[in-house]
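**Q** give me coordinates for this.
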Amino acid sequence: MQLRDLVDTVTSDEPPMARTVDDIIALGRRAERRRRAGFASAGAAGLVAVAVAGVLVLPALSAEKKTTPAPAGVTMSTPGQVAWSDAEPFTFTFSGYDAGTLHVQDPIVASTAYQIASVYSDGHDSNDRPVSEEEADPPGVGTEMESKKGAADDKPNLWAYLTVYRPGAFDATGIKGGTSVTVAGRKALRATLPVGLDPRNEPDTRNKLFAWEYTDNAWAVVTSVSTDEATPSFEDLGGLVEGLKPSRPTPALVPFTVGYVPAGYQPLQIGTHAMPGLSGIAAARAGDYGGATYTRPAAPTSGLTAPYDSAEDGIENGFHIFVTPNTSSNQSPEPGATRCYGASEASGRNADGGFCNIWSADGRVVLQVSSAGLGARLPRAELEKIAKGITVADVRNESTWTPAATALRP
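**A** This next block holds a predicted model:
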């Protein structure tokens, strides 16, 4: 799935009529506030709760929550406050904050080059969660034609996220058509993004990028895709500058550990309480537990102008790990079962890729390892071997989760 398809889905008024495996992997499951209750349980991908022979393996529980000391190089600016530092990858270094009508959430995606947090607006709907039947259209509002009152009550849709790049990762000179400005004494840049965020398309004034240098050689970027051309405005987005402050570096946690990774594949990004990457942001409130993306070779950590998922060619050779509740899967629960789909048994490039699901013994949690849409050269046997080497923690007890930097290394 191309990024433009993801954008169309999170800002559209109508649910997609069908979902391919690629849709499942890239989108996850998401239901809009209106006319989407029927899709809320039809979720996204087959995800997995794994270990050996489909048995969910839990690590020993700790009764005491451990605190993590600040990494080397982190300095305290004043008592109780932390200065920006070049923390290790897969670390969260800021927290959510408010700026006028905009509300930055805590980051839920981390990578080798950045962290990402959702941004919500008082005046917009964000289609990043399933909805209950009560939240669907009120009686009398038709599927094909809305009443005038129903249409008037609707808010515009917004998909917005803040990407905070590690020092040296973001290349501001690579933003096409950018205009340099100064906001709150900081170097900043604003630009109009193309239709569907596809660089091959013409600019769309509803799609905005606002970037600023939050500390030396390190940039933060808010991307806004709205169905309302006027809001958020560049001025609204610029209001986020002063509120971004460093917090004590905290390792990003994932609810699993890997036991086998094919030679040459390196961890790229994770999601905590979310799928990895922009798919995690697009389904931020869907109730997922976590995930990771691997690539071969390792992706560059400098010269970036957007998250890895947004690159023109996307992630070309990799695989995903997803851990989700069964309600997020398009496959019916199969307690204790292992099922693989797509991809050939033989090695070689898979045009469509494939995926393997391992269900927990009670069928409530599913672990998925997938190469669908990523061009990975992984046969089905390798996908299954990766899946069976994963140990899933107690998904409802974060004290059993593992820092991603450790969890992603066999």
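
**Q** and Lys385, which of the three is it?
**A** helix (DSSP: H, G, I helix; E, B strand; the rest coil).

**Q** which residues are in contact with the nearest residue to it once chain neighbours are set aside?
**A** Excluding the flanking residues, the one nearest Lys385 by Cβ to Cβ, 6 or more residues apart in numbering is Tyr260, at 5.6 Å. Using the backbone N, CA and C atoms, a C-beta is placed for each residue, glycine as well. Tyr260 makes contact with Lys385, Ile386, Lys388, Gly389, Pro410, according to Cβ atoms under 8 Å, 6 or more residues apart in numbering.

**Q** tell me which two of those residues sit farthest apart.
**A** Among the contacts of Tyr260, the pair separated by the greatest distance (Cβ to Cβ) is Lys388 and Pro410, at 12.8 Å.

**Q** who's more crowded, those two?
**A** Lys388 (20 against 9; other Cβ atoms under 10 Å).

**Q** so the more buried one touches Thr338, yeah?
**A** Yes - between Lys388 and Thr338 there is a contact under Cβ atoms under 8 Å: 7.2 Å.

**Q** show me what the host helix or strand of Leu158 is packed against.
**A** Secondary structure from DSSP states H and E places Leu158 in strand 158-165. Applying 3 or more Cβ pairs under 8 Å, 6 or more residues apart in numbering; DSSP states H and E, we find strand 158-165 packed against helix 3-11, strand 114-121, strand 218-226, helix 277-282.

**Q** which SSE is immediately downstream of the shortest one?
**A** Reading on from helix 277-282 to the C-terminus, the next helix or strand found by DSSP H and E is strand 290-295.

**Q** which residues touch the residue most central in space within the chain?
**A** When Cα atoms, centre = their mean is applied to the chain, the residue found nearest the centroid is Gly280 (2.4 Å). Taking Cβ under 8 Å, 6+ apart as the contact definition, Gly280 lies against Gly28, Ile108, Val109, Ile116, Gly271, Ala274, Asp288, Gly291.

**Q** tell me, what's the model's pLDDT at it?
**A** The score at Gly280 is 95. That number is its pLDDT.

**Q** next one: Thr391
**A** For Thr391, pLDDT reads 98.

**Q** tell me the phi and psi of it?
**A** As for Thr391, its main-chain torsions (degrees, to the nearest 10) stand at phi -110, psi 120.

**Q** ok, now Ala404?
**A** Main-chain torsions, Ala404, degrees, to the nearest 10: phi -60, psi -40.

**Q** what's the answer for Val195, then?
**A** phi -60, psi 130.

**Q** list the contacts of it.
**A** So Val195 contacts Arg4, Asn201, Glu202, Pro203, Asp204, Asn207 (Cβ under 8 Å, 6+ apart).

**Q** what does Asp216 give?
**A** Under the criterion of Cβ under 8 Å, 6+ apart, the contact list for Asp216 reads Pro167.

**Q** ok, the closest residue to Gln266 other than its chain neighbours to Val258 distance?
**A** With Cβ to Cβ, 6+ apart as the criterion, Gln266 has its nearest non-adjacent residue at 4.1 Å, and that residue is Ala298. Applying Cβ to Cβ, to the nearest Å, the value for Ala298 to Val258 is 16 Å.

**Q** among these two, which residue is more densely surrounded?
**A** Val258 (22 against 13).

**Q** and the pLDDT at the more buried one?
**A** For Val258, the predicted pLDDT is 98.

**Q** that one touches Thr402, doesn't it?
**A** No - using Cβ under 8 Å, Val258 is not in contact with Thr402, being 10.0 Å away.

**Q** list phi and psi for Pro379.
**A** Main-chain torsions, Pro379, degrees, to the nearest 10: phi -70, psi 170.

**Q** what's the local residue count around it?
**A** Pro379: 18 neighbours (other Cβ under 10 Å).

**Q** kindly report the same for Asn397.
**A** Residues near Asn397, counting by other Cβ under 10 Å, number 12.

**Q** ok, Phe94 next?
**A** What Phe94 shows, counting by other Cβ under 10 Å, is a neighbour count of 23.

**Q** one more: Leu408?
**A** 22.

**Q** tell me the spacing between Val392 and Phe322.
**A** Val392 is 11 Å from Phe322, by Cβ to Cβ.

**Q** right, I mislabeled it, should have said Ala99
**A** 32 Å.

**Q** higher neighbour count, these two?
**A** Just comparing Ala99 and Phe322: by other Cβ under 10 Å the higher neighbour count belongs to Phe322, 33 against 18.

**Q** that one pairs with what?
**A** The partner list for Phe322 in beta bridges (DSSP bridges) reads Gly291, Gln368.

**Q** give the contact list for Ala172.
**A** Residues counted as contacts of Ala172 (Cβ under 8 Å, 6+ apart) are Gly178, Lys187, Leu189, Ala211, Glu213, Trp219.

**Q** the fourth one: helix or strand, and which one exactly?
**A** Pointing back at Ala211 there. Using DSSP H and E, Ala211 falls in strand 203-215.

**Q** now that strand: buried residues?
**A** By neighbour count on 16 or more other Cβ atoms under 10 Å, the buried set for strand 203-215 is Asp204, Arg206, Asn207, Lys208, Leu209, Phe210, Ala211, Trp212, Glu213, Tyr214.
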